[in-house]
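> Have a look; sequence and predicted model below, questions after that.
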Amino acid sequence: MIAFDSQWFKTKWQEAKSRAGRRYEPGLNINLPIGEYFESLTQDAKFFAKFSEHLKELEKSRTRLRLKETPVSADQAAEFERYLDEVLAQLREITDARNLPQPLPLDRIAQLSGDAAKLAAEILAKLPESRRPSTYEPPSASDRAREATSRIEYELENLLGFCSGPIAALTNDPSFLLLGSAGTGKTHLLCEVTRKQIENEMPALLFLGQTFRAPFDNALEALTRSVHPTIPSEEFLTALDDYGRARGTRCLISVDAINEGHRQSWLNGLPVLVTTIRRYPGLALVIGCRTPFEKLLVPASDELRLHIAHHFGFHAGRLDAFLGRQTLVERDLFWSEYLRKSRERGTPSRILVWAEHLAPGAPLPGFCCGLYKGVEMVPDVNPTRISRPGHSRIVSSGAGTTECAFC
């Protein structure tokens, strides 16, 4: 039997990081909303924290709900409270869960939340609008009931949207296809997610498609041999599954850029790989592919029940928003790291990186290869001023590097 430990996963991560090369720059990482997909996939504590937040808000409003002495009938009030209490009970069961990973009753919670939200809307229709002449006048019983019911309806609709949304769906069916055009940072994203898992003592393996260019008959065996040459693939998956479940999580298996490997082999091998890994509750699978190659390599994604997430990279608006949240010191550190990497790779030290010159969807690590061909930045521009028309312009261009510093 295979005996895994945290050091083994760290070693495999370092090997994958080395293969990724310039595609991964941890010093320039920006957390994006797509990271929530991975929290759901692995049943991370941050994913369960969302249920705790919904529970907290609903409990707070539930304690303030008083429908007596209002136009609402006793039967309707009792029905609403019964639905609401069942929603709360389901949320408490999830937040108190200790046997992870496990399927969650998302469909049941969504159904209850939707029904309770409809009842809340019916009750609000019967409660008169507040007609207090002054805010100093104490609210009536109907005013208080209306405020509590309105808040409950709002939280129930949010909970319904969350439980029936694409992110939460991954927690009960942990496999998805990560798509994106060239240079959007798919490799960087998978590297960063893997790094975080490893640093948190959680199991994760990253396989890069470029290392599977030779033809292979079985995708699972090819992946297994690349990290553990002497172990049968089924025994390998069983050991990973046991290791993940013993730690209350799922072992994250990411296969990046299958379009860079032997395509016919991936086309033939993916269905078996996906269906086999799905049998193990302690495993989660992510397949990365550059668009539009998924049409060739994963033509039956629906039949494989693969969820699909598109990674659009780090566009100009996100750069502006990110730097706007940073202190001056943090921004200086960011640009210092960016320019250091540029000098290491022989690109111009004064590079035009202004948001108004970036193509929509351009990734932060990319910034469009064309801008790196000898383009320089106006010397007197302050690099903390982003998306300000007129603060930057191209002053020179010519023969320079033939590729982006980070692509």
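Sure thing, it's come through.
> Tell me where the stretch 1-150 of the chain has helices.
6-20, 35-42, 45-63, 74-95, 106-126, 141-163 (DSSP state H, counting those that start in this stretch).
> which residues does the spatially closest residue to Ile94 that is not a sequence neighbour contact?
Residue nearest to Ile94 in three dimensions, not counting chain neighbours: Phe51, with 4.9 Å by CB to CB, 6 or more residues apart in numbering. Every residue, glycine included, has its C-beta placed from N, CA and C. Phe51 sits next to 91, 94-95 when contact means CB atoms under 8 Å, 6 or more residues apart in numbering.
> what does Ala120 give?
Contacts for Ala120 (CB under 8 Å, 6+ apart) come out as 80, 149-150, 152-153, 156.
> Got a quick PyMOL command for the buried subset of those?
Buried members of those, defined by 16 or more other CB atoms under 10 Å, are picked up in PyMOL with:
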select buried, resi 80+149+150+152+153+156
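> what would the contacts of Ala120 look like in TSV with pLDDT?
Below are the contacts of Ala120 laid out as TSV (pLDDT from 0 to 100):
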residue	pLDDT
Phe80	96
Thr149	95
Ser150	95
Ile152	97
Glu153	97
Leu156	97
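> Report the two of the contacts of Ala120 separated the most.
Spanning the widest gap among these are Phe80 and Ser150, at 13.0 Å by CB to CB.
> for the stretch 151-300 of the chain, what spans make up the strands?
175-180, 204-208, 251-256, 283-290 (DSSP state E, counting those that start in this stretch).
> So which of those is nearest Leu127?
Minimum separation from Leu127 across those (CB to CB) falls at strand 175-180, 43.1 Å.
> Run the chain-centre distance for that closest one.
Taking CA atoms, centre = their mean, to the nearest Å, one finds strand 175-180 lying 11 Å from the centre of the chain it belongs to.
> swap in stretch 219-233?
28 Å.
> So for stretch 62-80, what gets flagged as buried?
So for stretch 62-80, counting by 16+ other CB under 10 Å, buried means 62, 65, 67, 70, 72, 77, 79-80.
> for stretch 254-272, the distance to its chain's centre please.
So, by CA atoms, centre = their mean, the centroid of stretch 254-272 is 22 Å from its chain's centroid.
> start to end distance for it?
16 Å (CA to CA, to the nearest Å).
> what would the strands of the stretch 151-300 of the chain look like in JSON lines with mean pLDDT and mean neighbour count?
Output for the strands of the stretch 151-300 of the chain, formatted as JSON lines (pLDDT from 0 to 100; neighbours: other CB atoms under 10 Å):
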{"stretch": "strand 175-180", "mean pLDDT": "96", "mean neighbour count": "22"}
{"stretch": "strand 204-208", "mean pLDDT": "98", "mean neighbour count": "25"}
{"stretch": "strand 251-256", "mean pLDDT": "98", "mean neighbour count": "27"}
{"stretch": "strand 283-290", "mean pLDDT": "97", "mean neighbour count": "25"}
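> Could I get those strands in CSV, plus columns for distance to Leu297?
Listed next are the strands of the stretch 151-300 of the chain as CSV, based on distance: least, CB to CB, whole Å:
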stretch, distance to Leu297
strand 175-180, 10
strand 204-208, 15
strand 251-256, 11
strand 283-290, 6
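> so who does Val286 touch?
38, 41, 175-178, 190, 252-255.
> what about the helices of the stretch 1-150 of the chain, which gets the closest to Ala239?
Closest among the helices of the stretch 1-150 of the chain, once you apply CB to CB, is helix 6-20, at 10.6 Å.
> what comes up buried for that closest one?
For helix 6-20, by 16+ other CB under 10 Å, it's 8-9, 12-13, 16-17, 19-20.
> Which positions in stretch 140-150 come out as buried?
142-150.
> Same question for stretch 112-131.
Buried-residue list, stretch 112-131, by 16+ other CB under 10 Å: 112-117, 119-120, 123-124, 126-127.
> How about stretch 80-99?
80, 83-84, 86-88, 90-91, 94-95.
> What of stretch 43-55?
43-44, 47-48, 50-51, 53-55.
> so how far is that stretch from its chain's centroid?
The answer for stretch 43-55 is 14 Å, by CA atoms, centre = their mean.
> same thing with stretch 150-157?
25 Å.
> contact partners of stretch 214-227?
12, 205, 207, 211-212, 231-233, 236-237, 253, 255, 262, 264-266, 269-270, 272-273, 276-277.
> from the residues you listed, which would you call buried?
Neighbour counting with 16+ other CB under 10 Å marks 12, 205, 207, 211-212, 233, 236-237, 253, 255, 262, 265-266, 269-270, 273, 276-277 as buried within those.
> residue contacts, Arg108?
Gln90.
> From Leu160, how far out is it?
12 Å (CB to CB, to the nearest Å).
> what does Ala148 give?
19 Å.
> okay, the buried residues of helix 6-20 in CSV with pLDDT next?
Formatted as CSV, the buried residues of helix 6-20 follow (pLDDT from 0 to 100):
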residue, pLDDT
Trp8, 96
Phe9, 97
Lys12, 97
Trp13, 97
Ala16, 97
Lys17, 96
Arg19, 94
Ala20, 94
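> Need those residues in a markdown table (columns: distance to Ala300).
Conversion of the buried residues of helix 6-20 to a markdown table gives the following (distance: CB to CB, whole Å):
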| residue | distance to Ala300 |
| --- | --- |
| Trp8 | 34 |
| Phe9 | 32 |
| Lys12 | 30 |
| Trp13 | 31 |
| Ala16 | 28 |
| Lys17 | 32 |
| Arg19 | 29 |
| Ala20 | 29 |
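> just curious, which of those is nearest to Thr194?
Scanning the buried residues of helix 6-20 for proximity to Thr194, where the rule is CB to CB, the winner is Trp13, at 5.8 Å.
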